[in-house]
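In: Make a model of this:
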Amino acid sequence: MNGNLTADIGKVKRYLLPNLPYAALFWFFSKCGEAYRTSPENEIVFKLMDAIGNLNATISNPIPSIDPFDLCIGLICTAVICGIVWNKRKYGVLWAIGKR
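Out: Reported below is the predicted structural model:
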């Protein structure tokens, strides 16, 4: 019985620990989406500058927003970074060999 519990904890560690940075990235990018969404400006450049200024106040609340815009921004940005990391893992050696 104790052996099964140890094996289950090993499985959880094997799948949870490598994906934990992606959860942190999702939280950060959803907070960036919330800061962008709540900025009162109308033009994109001014809205981005205001969102960067309000990012500290937005991050001070650790609870993520459940607004669909924030979740989509978090999901899209995290998926892009996950794809870049996957691509570098898969083709990084081939790129380094071709570089020589």
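
In: measure residue 58 to residue 39 for me?
Out: Going from residue 58 to residue 39 by Cβ to Cβ, to the nearest Å gives 10 Å. To be clear about C-beta, it is placed using only N, CA and C from the backbone, and glycine gets the same treatment.

In: Just the mean pLDDT for stretch 69-83, thanks.
Out: Computed over stretch 69-83, the mean pLDDT rounds to 95.

In: from the chain's centre, how far out does that stretch sit?
Out: Put simply, stretch 69-83 sits 6 Å off its chain's centre (Cα atoms, centre = their mean, to the nearest Å).

In: For it, give me every contacting residue.
Out: By Cβ atoms under 8 Å, 6 or more residues apart in numbering, the residues outside stretch 69-83 that reach it are 22, 25-34, 36-37, 64-65.

In: what pLDDT does residue 16 get?
Out: If you check residue 16, the pLDDT there is 82.

In: With the one 10 residues further on instead?
Out: Here, the pLDDT recorded for residue 26 equals 95.

In: Burial check on it, number of neighbours?
Out: Per other Cβ atoms under 10 Å, the neighbour tally for residue 26 reads 20.

In: what's the answer for residue 73, then?
Out: Using other Cβ under 10 Å: residue 73 sits among 20 other residues.

In: Filter the contacts of stretch 69-83 down to the buried ones and express that as a ChimeraX selection.
Out: The ChimeraX selection below is limited to those of the contacts of stretch 69-83 classed as buried (16 or more other Cβ atoms under 10 Å):
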select :25,26,27,28,29,30,31,32,33,34,36,64,65
